[in-house]
Every structure is written in structure tokens, then in C-alpha cells.
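Student: any chance you can model this:
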Amino acid sequence: MKVAFCGGQALTEQERTGRRGLAESIQEIVLSWLSGMAIANRDEDQLRKTVRDTILESDPQLRDDFAVEALATPGSDLDAKAESWLRGVAENRPNRLNPAIESFVVAMSMSQSHPQLLLDLAEAYYIERPNLERRWGGISSLDDGIRDFQHGLNYGLGYRRQRGTTVPSFDY
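Tutor: Here you go, the predicted model:
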């Protein structure tokens, strides 16, 4: 983890391994490792702090799915700077919180260490505030206050693979 992700090498999308780039493969490994640490309910961990700081030092964009999920997963290693970044996503791009809010591992980890942050992020993601600056006044007959984006795309009860575990998926 320390060599592949925190080593300071900039990975470019040209470095491809099959259909995925090397950077995407390493990000998947980082997310799997963070998920394993969260499931094991580990206390503070220096390497997890280093991963968090590496992500924050790269100045991720608010639409970066990897950064959203990775910064929401560290549990007790989530610091004020990471919390502030996640709250910035919630305020400015709440529809981009999907990787954090729809993740069982993030919900489990954050509910134990930062329950209020989890509630605030879930509210920002699921509850769509009226936009009074729209041309037609911001209210339509289809505005029900629930964000219609990235959840509930399938019907029925299914199972979804989530970083090594199979979790029930209630999509309707």
C-alpha cells in the first residue's frame, strides 16, 4: 500500500493493464484494503492516515468517486480535513456522494466513528433542496424533494458484489 499508492509516483492513464489503467487498479486495491480495515473495525492506523493524507494532498476534485469513497471509509482515522472535504462535496456536489452513501462498508465504519457526519452526508445525498434560481421558479410537479439519481436503477431484491462481500441490495 505504502509503495504502490503513497510512494509519490504520479500514475497516468496511459499505463494500461487490459481494460483498466494502472491507476484504476491501484485505486481498487486501496479501496479493498480500506474496506478490509473497516470490516475488521481496526483502531487508528498510521498507514491508513498516510493513505488519507496522500489523497487530500492530491487536491481531489469534488466529483472524484475514488476520493469520496476512500475518504469516507477510514473510520477513526477520518480527521477534520477529510471531514471538511466530504462536507464540501455534500454542499457543492451532493449527487457525487453515491460511492460513500451507497456503500455498506462506509455506512458500517462511519456509523461507529462519525455518526453525525454519516447522517449529514446521507441527508445531502438523498434530500434534494429546491433550486429557487431556476428560470421557471424552481418548483415543478415532479420535484418531490428526493434526489432521482444513481439509486434505485434496478427493480427487486438482488445481490451486489462489494469488495469481496456479497450484500443484499434492495432496489425498487
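Student: so what does the longest helix anywhere in the chain touch, helix or strand wise?
Tutor: Among the segments of the chain that qualify as a helix by DSSP state H, the longest is helix 22-39. Judged by 3 or more C-beta pairs under 8 Å, 6 or more residues apart in numbering; DSSP states H and E, the packing partners of helix 22-39 are helix 46-57, helix 65-72, helix 104-113. For the C-beta atoms, the positions are set from N, CA and C on the backbone; glycine is no exception.
Student: reformat the ones you listed as CSV; add distance to Ile26.
Tutor: What follows is the helices and strands packed on helix 22-39, written out as CSV (distance: least, C-beta to C-beta, whole Å):
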stretch, distance to Ile26
helix 46-57, 11
helix 65-72, 10
helix 104-113, 19
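Student: closest to Leu34 out of those helices?
Tutor: Leu34 sits nearest to helix 65-72 of all the helices and strands packed on helix 22-39, at 6.0 Å, using C-beta to C-beta.
Student: surely Leu62 is in a helix?
Tutor: No. According to DSSP: H, G, I helix; E, B strand; the rest coil, the state of Leu62 is coil, so it is not within a helix.
Student: leaving out the residues flanking it, which one is nearest to it?
Tutor: Take Leu62 and drop its neighbours on the chain: the residue closest to it by C-beta to C-beta, 6 or more residues apart in numbering is Arg93, 4.5 Å away.
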